[in-house]
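1. would you be able to build a 3D model of this:
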Amino acid sequence: MRKRIFEIIEVSKDNDRISFIYDITMLFAIIVSIVPLAFKESYRAFYYIDVVTTILFIIDYLLRWGTSDYKFKKKNITSFLIYPFSFWAIIDLVSILPTITVLNSGFKLLRLFRVVKTFRIFRIFKAFRYSKSIRIIINVMKNSKEALLAVCTLAFSYILISALVIFNVEPDSFESFFDAIYWATISLTTVGYGDIYPVTNAGRIITMISSILGIAIVALPAGIITAGYLNEINKKNED
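-> Next comes the predicted model:
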């Protein structure tokens, strides 16, 4: 029985209709539960949304905890002790806690979480567990982590070097080194808000060079992820 529950709450296989329905139901609950964050006003309907979705999330959390030995493939109590500290369990718990006081006003300690209601946004991360498309992207990120790490290191180094150069070439335009890093970041991404900008010819030349090179650096992750995504799709089609 517990094994079947584990199969249902995990990402559905192509021939498991019940598991597929469970995934769709949880995805729908996640989407509905974050709708209130788009409104400043608090409506009565939002209260019921919180109650229903939180109950669903609690049930899902308990089911996953109760079948964690199948997930970790350890037929002993260790699995049940480890699970609450796993990444997804923490995401689940953080998603639930801000709304606990809706179910019981006696949780005075947890009322703090109602102040930080934006913690509910963590429920979006719960969707990663139920969406096959998102899981493909996660696999792409894992398989391409070395290349992506290299690009991130290159980008960070470029931002630091550009900030050091512009900060020394045009010190009057930047009150602090952090302002220079901010300028280098928006130049690298070619966003250019215009709130901080160089006024000398030397500074403008550096800005042009930074923006042109920034286009190439920003484009690298997109190419890596696209290539990895195509490889994952081809593997899935071959299977």
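
2. going forward, measure contacts between C-alpha atoms and count neighbours the same way
-> OK.

3. how close does Phe87 sit to Ile31?
-> 21 Å (CA to CA, to the nearest Å).

4. who has more neighbours, those two?
-> More crowded of Phe87 and Ile31, by other CA atoms under 10 Å: Ile31, with 13 against 9.

5. any stretches of this protein with poor pLDDT?
-> 11-14, 98-123, 127-133, 236-239 (pLDDT under 70).

6. Ile217 touches Val151, doesn't it?
-> Yes: between Ile217 and Val151 there is a contact under CA atoms under 8 Å: 7.3 Å.

7. any idea which helix is longest in this structure?
-> As assigned by DSSP state H, the longest helix anywhere in the chain is helix 201-238.

8. buried ones in that helix?
-> 203, 206-207, 210-211, 213-214, 217-218, 221, 224-225, 228-229, 232 (16 or more other CA atoms under 10 Å).

9. kindly report the same for stretch 142-158.
-> Quick answer for stretch 142-158 (16+ other CA under 10 Å): Ser144, Leu148, Val151, Cys152, Ala155, Phe156, Tyr158.

10. what about Gly194, is that helix, strand or coil?
-> coil (DSSP: H, G, I helix; E, B strand; the rest coil).

11. what distance do you get for it to Ile166?
-> Distance from Gly194 to Ile166, by CA to CA: 15 Å.

12. hang on, the earlier thing: now for the longest helix of the chain, which elements pack on it?
-> On a contact count with 3 or more CA pairs under 8 Å, 6 or more residues apart in numbering; DSSP states H and E, helix 201-238 meets helix 132-143, helix 145-169, helix 177-188.

13. by contact count, what packs against the second one?
-> Applying 3+ CA pairs under 8 Å, 6+ apart, we find helix 145-169 packed against helix 177-188, helix 201-238.

14. what's the closest of those helices to Phe57?
-> helix 201-238 (30.1 Å; CA to CA).

15. okay, the angle between the closest one and helix 132-143?
-> 120 degrees (axes from the mean of the first three to the mean of the last three CA atoms, to 10 degrees).

16. relative to helix 145-169, how tilted is helix 201-238?
-> Using the same axes, to 10 degrees: helix 201-238 against helix 145-169 is 170 degrees.

17. noted, bye for now.
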